[in-house]
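>>> Structure, please.
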Amino acid sequence: MKVVIIDDEKAMHLIMKRMLAKEAEIEIVGSFQETRTAFSYLMDHEVDLIFVDISMPGENGLEFARRLRESDRITKLVFVTSYKEYAQSAFDVYAYDYIVKPVVQDRLSKTVQRLLMESS
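The predicted structure is shown next:
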């Protein structure tokens with residue numbers, strides 16, 4: 001499963017990479033600190049799952065998700081954020097899941113395993 005991480009915090013990239021490395025069948029194909037570069041990458045590459053933060057400078061994760069959906073991409077989105085209050089807005093843009101930071105391995109594993117079961 002090809003995965004992209006979008007978060008403005010470098011530390012979060014390291015945390016997610018370390019946690020996702022423990023999951024079978026996960027290949028991180030992109031890691032971005034802002035949505036514009038990620039969006040350009042996604043227009044030319046097939047990706048199965050995107051982990052995206054909501055609160056970022058410039059275009060936030062929800063705006064990115066709307067733009068992605070308007071481009072007819074059906075890629076699964078999992079929001080990974082510190083803000084509980086954006087959950088409804090995340091599901092309005094067809095989020096697959098919503099994980100509140102700090103991310104714990106067990107919670108991340110459940111999301112990944114559910115996705116892998118659905119796609120098999």
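>>> tell me the phi and psi of the residue minimising distance to the centre of the chain?
Nearest residue to the geometric centre of the chain (C-alpha atoms, centre = their mean): Phe51, 1.2 Å. Torsion angles at Phe51 (phi, psi; degrees, to the nearest 10) stand at phi -100, psi 120.
>>> I figured it was touching Lys76, is that so?
No: using C-beta atoms under 8 Å, Phe51 makes no contact with Lys76, being 9.8 Å away. The C-beta positions use only the backbone N, C-alpha and C, and glycine is treated the same way.
>>> Give me the pLDDT for the closest residue in space to Phe91 that isn't next to it in sequence.
Nearest non-adjacent residue to Phe91, counting by C-beta to C-beta, 6 or more residues apart in numbering: Tyr98, 7.2 Å away. We have a pLDDT of 98 for Tyr98.
>>> Name whatever forms a beta bridge with Tyr98.
On the basis of DSSP bridges, Tyr98 is bridged to Phe79.
>>> That one contacts Val78, correct?
Yes: counting by C-beta under 8 Å, Val78 is a contact partner of Tyr98 at 7.3 Å.
>>> what about Val4, how many neighbours?
Counted with other C-beta atoms under 10 Å, residues neighbouring Val4 total 20.
>>> next helix or strand past the strand or helix carrying it?
Assessed by DSSP states H and E, Val4 sits inside strand 2-6. Where DSSP H and E defines the elements, the next helix or strand beyond strand 2-6 is helix 10-20.
>>> which secondary structure elements does that following helix contact?
Applying 3 or more C-beta pairs under 8 Å, 6 or more residues apart in numbering; DSSP states H and E, one finds that helix 10-20 contacts strand 2-6, strand 27-32, helix 105-119.
>>> Please identify the buried residues of the shortest one?
Under the neighbour-count criterion of 16 or more other C-beta atoms under 10 Å, strand 2-6 has 3-6 buried.
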